[in-house]
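model this:
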Amino acid sequence: MNWITSFVRPKINSMLGHRDVPDNLWIKCPETGEMVFHTDLQENQWVIPTSGYHMKISAKNRLTYLFDDGKFEELPRPPAVQDPLKFRDSKKYSDRLRDVRAKTGLEDSILAGIGTVKGLRLVACAHDFSFIGGSLGMAAGEAIIRAFEIAIENKCPLVMFPASGGARMQEGILSLMQLPRTTVAVELLKEAGLPYIVVLTNPTTGGVSASYAMLGDIHIAEPGAEICFAGKRVIEQTIHEKLPEGFQTSEYLMEHGMVDMVVPRQELPDTLARLLKIMMNEPMPASSDVAKDGAAGKPANVAEGMTDSVKAKTAAIPEKITADGSEDGDADNRG
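This next block holds a predicted model:
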């Protein structure tokens, strides 16, 4: 027996006192392996400062970062049948729901709220991936439909933040039925003449990507997000071919016309507010404010970084609108 390890070291430790260090003080970047202090990561909205890697965040954080001053009114969740099929795999679905609710503090995978973004009132709906992979079940479907109904009642746009593995298998066909139901809700919003913007986050897959996640007037994506129906590994094993580098990422999809813009998380409120104000014919920021943003190194116009599809969608609406709502296009056509 080594007397240093068995006697001296414990004696020194007892003299210094034992200090518990939390396991989550330092967080490792999945892309580069860099260790980042957790407070630095929180202050940067869970984006790795050096690599720009976007970590998954909760639905509550998503809405807090979006709305002005982090304030919003949480929308009520309609009641839904729990465990309609009495499903059981390795454990009862009812027990799984109970455990994940206790762990996350959420009722289901959807959180919706209403508030203002840069002064513009809107409804936002976000998936929480920590709740059974953000999967879509009956309760989540009801919450999404209710969010669309409230947006129509309040005559305001809706912004969707999908982060989901798709339909919830424990609810079978009843989960798949939410796909057409939410699609109808999207169409009702559009019939009311209200914008619907989707911000695709990591990951957006399965039935969610085959329904309301791809029905937006404009599709924005966070950098590096995985957006697909079937995963890369499934496709490669099916077709027995190697897929291109970066396949199914937001950047790849923007290059191929499936996504309109790729926008970092910190810039989403400004980008969404400007796009929605154009689409809603709302007054734009004063020219001095725009110039100030430009001087700070930010794009003075959201058109920078837009794909041609976004420009075409907003081209019919004048970019400059006076305070009384009249078009200010003559000044640009002088001389």
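
Find the helix or strand that Ile27 is a member of.
Using DSSP states H and E, Ile27 maps to strand 26-28.

cool, and Leu41?
Going by DSSP H and E, Leu41 is in helix 38-43.

now do Thr271
Assigned by DSSP H and E, Thr271 falls in helix 268-279.

now that helix: mean pLDDT?
The pLDDT scores in helix 268-279 average 97.

397 is where my numbering starts, stick with that
OK, 397 is where the count begins now, so the last one is helix 664-675.

Identify each buried residue in it, please.
Leu664, Pro665, Asp666, Thr667, Leu668, Ala669, Arg670, Leu671, Leu672, Lys673, Ile674, Met675 (16 or more other Cβ atoms under 10 Å). The C-beta positions use only the backbone N, C-alpha and C, and glycine is treated the same way.

Could you report the distance from the first one to Val555?
From Leu664 over to Val555 the distance is 9 Å, taken as Cβ to Cβ, to the nearest Å.

what's the neighbour count on the nearest residue to Val432 once chain neighbours are set aside?
Leaving aside its sequence neighbours, Val432 sits nearest to Ile423 (Cβ to Cβ, 6 or more residues apart in numbering; 5.4 Å). Ile423 is flanked by 17 other residues according to other Cβ atoms under 10 Å.

next one: Pro472
Pro472: 10 neighbours (other Cβ under 10 Å).

Report the contact partners of it.
Arg542 (Cβ atoms under 8 Å, 6 or more residues apart in numbering).

show me where this protein has helices.
399, 405-412, 434-439, 455-462, 489-500, 534-549, 568-572, 574-587, 602-605, 628-635, 646-651, 664-675, 683-691, 704-710 (DSSP state H).

buried stuff in the helix holding Leu437?
Leu437.

in terms of contact, does Trp422 touch Thr435 like I think?
No. Judged on Cβ atoms under 8 Å, Trp422 makes no contact with Thr435 at a distance of 10.5 Å.

Okay, now the unreliable bits of the protein?
Across the chain, the ranges flagged by pLDDT under 70 are 397-420, 681-731.

Kindly report the domain assignment for it.
Domains of the chain are assigned by automatic domain parsing as 420-451, 453-677.

Just say which of these is most tucked in.
Mean neighbours per residue, mean count of other Cβ atoms under 10 Å, is largest over the domains of the chain for domain 453-677, with a mean of 19.

What is the end-to-end distance of it?
In terms of Cα to Cα, to the nearest Å, the two terminal residues of domain 453-677 are separated by 32 Å.

Next one: the residue nearest to Val432 from Met451, what distance?
In terms of Cβ to Cβ, Ile423 sits 8 Å off from Met451.

what residues do these two have in common as contacts?
With Cβ under 8 Å, 6+ apart as the test, Ile423 and Met451 both reach Leu437.

show me what contacts Gly439?
Rather than Gly, residue 439 is Glu. No contacts exist for Glu439 under Cβ under 8 Å, 6+ apart.

swap that for Leu437, please
Ile423, Val443, Ile444, Met451.

Could you single out the nearest of those to Gln566?
Met451 (27.0 Å; Cβ to Cβ).

and that closest one, what are its phi and psi?
Dihedral pair for Met451: phi -70, psi 160, per degrees, to the nearest 10.

can you tell me how far the closest residue to it other than its chain neighbours sits from Thr600?
Of all residues not flanking Met451 in the chain, Trp442 sits nearest, at 4.2 Å (Cβ to Cβ, 6+ apart). Trp442 sits at a distance of 17 Å from Thr600 (criterion: Cβ to Cβ).

Could you do Gln574 as well?
For Gln574, the distance to Thr600 - Cβ to Cβ - is 16 Å.

Ok, Arg670 next?
Arg670 is 23 Å from Thr600, by Cβ to Cβ.

Next: Met573.
20 Å.

and what of Leu668?
In terms of Cβ to Cβ, Leu668 sits 17 Å off from Thr600.

Next, name the residue at the spatial heart of the protein.
Centroid-nearest residue in the chain, with Cα atoms, centre = their mean: Phe557, separated by 3.3 Å.

so what's the residue lying closest to that residue once chain neighbours are set aside up against?
Spatial nearest neighbour of Phe557, chain neighbours left out: Ala522 (4.0 Å); criterion: Cβ to Cβ, 6+ apart. With contacts taken as Cβ under 8 Å, 6+ apart, Ala522 has the following neighbours: Ala455, Arg458, Leu459, Ile506, Leu507, Ala508, Met556, Phe557, Ala559.
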